[in-house]
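Engineer: 3D model of this:
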Amino acid sequence: MMRKRSILRRCISCRKIFDRVDMLRITYENKSGVFINSGIGRSAYICKTKTCAKDPKLKKNLQRALKTNCDHTFYEAFMIETQNYE
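Structural biologist: Numbering: from 1, shown residues only. Coordinates of the predicted model:
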């Protein structure tokens with residue numbers, strides 16, 4: 001019986017490779033905006049650690065990865081989502 005291979009993604013902050021299940025997915029849809037862990041479109045992944053969530057270059061890395069500018073309401077929702085990470 002074949003074993004299912006895990007899907008790997010790279011964190012945009014620390015540049016380490018993790019399993020997709022263990023990461024936070026941020027998606028930009030052209031007409032709808034930016035979403036966390038949902039949606040179809042251009043995506044960026046961040047590992048679930050405090051160091052990556054609080055990285056000072058995260059805003060610029062997200063803008064580069066998603067090819068768009070994110071508004072302040074997204075960053076407020078992102079901080080609420082990531083405040084309980086280790």
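Engineer: Only C-alpha atoms from now on, for both contacts and neighbour counts.
Structural biologist: Fine.
Engineer: So which residues of the chain form helices?
Structural biologist: Under the criterion DSSP state H, the chain contains helices at 50-53, 58-66, 72-82.
Engineer: so what does the longest one touch, helix or strand wise?
Structural biologist: Applying 3 or more C-alpha pairs under 8 Å, 6 or more residues apart in numbering; DSSP states H and E, we find helix 72-82 packed against helix 50-53.
Engineer: so how far is the helix it packs on from its chain's centroid?
Structural biologist: Centroid separation between helix 50-53 and its chain, computed with C-alpha atoms, centre = their mean, to the nearest Å, is 11 Å.
Engineer: Can you tell me how far the residue nearest the centre of the chain is from residue 10?
Structural biologist: Closest residue to the average C-alpha location of the chain: residue 45 at 3.4 Å, with C-alpha atoms, centre = their mean. Remark: distance between residue 45 and residue 10 (C-alpha to C-alpha, to the nearest Å) = 7 Å.
Engineer: circling back: which residues sit in contact with the residue nearest to the centre of the chain?
Structural biologist: Neighbouring residues of residue 45 by C-alpha atoms under 8 Å, 6 or more residues apart in numbering: 9-12, 23-26.
Engineer: could you redo those as JSON lines and give each row distance to residue 77?
Structural biologist: Output for those, formatted as JSON lines (distance: C-alpha to C-alpha, whole Å):
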{"residue": "9", "distance to residue 77": "23"}
{"residue": "10", "distance to residue 77": "22"}
{"residue": "11", "distance to residue 77": "19"}
{"residue": "12", "distance to residue 77": "18"}
{"residue": "23", "distance to residue 77": "17"}
{"residue": "24", "distance to residue 77": "13"}
{"residue": "25", "distance to residue 77": "13"}
{"residue": "26", "distance to residue 77": "12"}
